[in-house]
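1. from the sequence below, what's the structure:
(one chain, ligands or ions: 1)
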Amino acid sequence: MILMGPPGAGKGTQAKLLEQRFQVPHVSSGDLLRAAVKRKTPLGKQAKRFMDRGELVPDEILLGAIEERLHQDDCANGVILDGFPRTLAQGTALKSMLAKMGLRIDHVLSFNVPREDLVKRMSGRRTCRDCGAMYHIIFDPPLNPGMCNKCNGELYQRDDDQEDTILARLDVHERQTAPLLAAYRECGLLREVDGIGSQDQVLNRILNLVQAHE
Ligand code: AMP
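-> Residues are numbered from 1 along each chain as shown. This is a model prediction of the structure:
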């Protein structure tokens with residue numbers, strides 16, 4: 001299953017719920033890259049300057065890391081991909097990676113959320129430095145400001161969740177993903193999800209769409 005949609009559309013949140021539901025891992029290209037940046041690996045050092053500007057990390061840097069992740073044992077029965085692929089070229093690369101693994105794409109979920117809502121959601125987003133849990137200063141605040149409910153870790157705002165970078169990321173997203181969305185629509189894999197509402201409402205919409213296309 002592939003989750004597509006602009007940054008802030010709720011893909012990460014739904015991916016975690018779908019992971020539990022379908023018992024296959026959530027593979028997020030953004031999380032893979034952020035982990036590499038944190039560990040200061042060669043991949044992380046190369047990717048960081050693109051991520052800080054809200055630009056896509058070039059395929060020469062990213063594709064090897066995705067393929068390596070997909071070959072880990074837990075992905076043998078399927079994955080929920082979040083944030084990858086984003087371009088036609090990445091879609092083609094994914095198709096050949098999956099073919100080698102004997103997997104196919106069942107559903108491409110595209111999350112629709114108006115731009116004003118995306119900016120509000122992303123600029124209030126806070127993440128725990130230690131365990132990665134996510135909060136929102138208005139919609140889902142932590143019990144103690146700046147502190148994670150689960151592990152007491154420090155909450156921070158991602159560098160790329162500042163307003164200027166958010167707008168740049170939305171522009172890049174629209175430009176780059178439109179052709180890939182069109183391609184998936186054409187081959188009948190695209191399921192459009194209204195991303196406004198509670199986590200459970202959105203999850204139920206997704207489950208209904210998946211069931212309708214089984
Ligand atoms: P995300 O967490 O999906 O919003 O991704 C954060 C940042 O990681 C993006 O702004 C890009 O710089 C980079 N990134 C994530 N996924 C991809 C991808 N599929 N292709 C290129 N860059 C990516």
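
2. show me what residue of the protein gets nearest to the ligand.
-> As assessed by Cβ to the nearest ligand atom, the ligand sits closest to residue 30 within the chain, at 2.1 Å. To be clear about C-beta, it is placed using only N, CA and C from the backbone, and glycine gets the same treatment.

3. so which strand or helix has that residue?
-> Using DSSP states H and E, residue 30 sits in helix 29-38.

4. just the buried residues of that helix, please?
-> For helix 29-38, the neighbour count (16 or more other Cβ atoms under 10 Å) marks 29-34, 36-37 as buried.

5. can you check stretch 160-176 too?
-> Applying 16+ other Cβ under 10 Å to stretch 160-176 flags 160-161, 165-166, 169-170, 172-173, 176 as buried.

6. widest-spaced pair of those?
-> The largest separation in these, counting by Cβ to Cβ, is between 161 and 176 at 19.1 Å.

7. quick one: secondary structure of the closest residue to residue 153 other than its chain neighbours?
-> Of all residues not flanking residue 153 in the chain, residue 130 sits nearest, at 3.2 Å (Cβ to Cβ, 6 or more residues apart in numbering). Assigned state for residue 130: coil (three-state reduction, DSSP: H, G, I helix; E, B strand; the rest coil).

8. count of neighbours near residue 130?
-> 13 (other Cβ atoms under 10 Å).

9. was I right about it contacting residue 147?
-> No: in this structure, residue 130 is not within contact of residue 147 by Cβ atoms under 8 Å, at 10.6 Å.

10. quick one, longest helix in this protein?
-> Determined from DSSP state H, the single longest helix within the chain is helix 163-186.

11. please, which helix or strand holds the nearest residue to residue 63 once chain neighbours are set aside?
-> Closest residue to residue 63 apart from its sequence neighbours, by Cβ to Cβ, 6+ apart: residue 93 at 5.5 Å. Secondary-structure element containing residue 93, defined by DSSP H and E: helix 88-101.

12. got the angle for that helix vs helix 29-38?
-> 90 degrees (axes from the mean of the first three to the mean of the last three Cα atoms, to 10 degrees).

13. okay, buried residues for helix 88-101 please.
-> 88, 90-91, 93-94, 97-98.

14. residue 105 falls within a helix, correct?
-> No: looking at residue 105 with three-state DSSP, it is coil, so not inside a helix.

15. surely it touches residue 188?
-> No: when contacts are counted by Cβ under 8 Å, residue 105 is not listed as touching residue 188 (10.7 Å).

16. those two: which has the busier surroundings?
-> The neighbour comparison of residue 105 against residue 188 (other Cβ under 10 Å) goes to residue 105, with 16 against 9.

17. now that one: how far from residue 145?
-> 42 Å (Cβ to Cβ, to the nearest Å).

18. ok, now residue 136?
-> 12 Å.

19. looking at these two, which is more packed in?
-> residue 136 (15 against 10).

20. do I have it right that the more buried one meets residue 124?
-> Yes: between residue 136 and residue 124 there is a contact under Cβ under 8 Å: 4.7 Å.

21. confidence score at residue 163?
-> Note for residue 163: predicted pLDDT of 83.

22. over to the one 3 residues further on?
-> pLDDT recorded at residue 166 is 88.

23. do the same with residue 7
-> So, for residue 7, pLDDT stands at 83.

24. write out the residues of the protein neighbouring the ligand.
-> Proximity of the chain to the ligand (Cβ under 6 Å from any ligand atom) is limited to residues 7, 29-30, 33, 50-51, 54-57, 62, 83-84, 86, 90, 160, 169.
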